[in-house]
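1. Any chance you can model this:
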Amino acid sequence: MVSLTIPVSDELKGGITEFSWVNWSETAREELIDEQQRHEAIEKMLRQLESKEERDFEAWAVKKGREINEESWKRVLSTLSPQEKKTLLG
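-> From the prediction side, this is the model:
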């Protein structure tokens with residue numbers, strides 16, 4: 001096992017020594033492990049977001065959104081009078 005030295009301020013060192021019953025090495029080790037696991041989870045999510053399946057799904061969702069918008073626009077136009085259409089469409 002490798003040792004790690006972490007510099008801390010005098011103020012922090014003073015606060016730490018007040019809690020002499022705490023195993024600060026173990027606390028730091030657990031926090032480092034948790035942080036590493038968080039970073040690994042984030043990297044895994046980023047890889048999933050960059051996957052072909054995700055890109056395909058995003059393209060499908062955009063296409064469907066555009067189709068819905070087009071259908072909504074057609075419905076709106078169908079309710080307008082010729083003069084309103086002319087005004088709206090310029």
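2. And the contacts of stretch 83-90?
-> Outside stretch 83-90, the residues within contact range by CB atoms under 8 Å, 6 or more residues apart in numbering are 77, 80. In this view, the C-beta of every residue, glycine as well, is placed from N, C-alpha and C.
3. and if we set it to 10 Å?
-> Applying CB atoms under 10 Å, 6 or more residues apart in numbering, the set of residues contacting stretch 83-90 from outside is 76-81.
4. which non-adjacent residue is nearest Q48?
-> Taking CB to CB, 6 or more residues apart in numbering as the measure, Q48 lies nearest to E54, with 6.3 Å between them; neighbours along the chain are not counted.
5. separation between that neighbour and W24?
-> Look at E54 and W24: by CB to CB, to the nearest Å, they are 42 Å apart.
6. Keep only those of the contacts of stretch 83-90 that are in strands.
-> Secondary structure defined by DSSP state E assigns none of those to strands.
7. For my notes, please list those residues in a markdown table and give distance to K64 and pLDDT for each entry.
-> Listed next are the contacts of stretch 83-90 as a markdown table, based on distance: CB to CB, whole Å; pLDDT from 0 to 100:
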| residue | distance to K64 | pLDDT |
| --- | --- | --- |
| V76 | 19 | 86 |
| L77 | 20 | 85 |
| S78 | 21 | 88 |
| T79 | 23 | 90 |
| L80 | 25 | 87 |
| S81 | 31 | 90 |
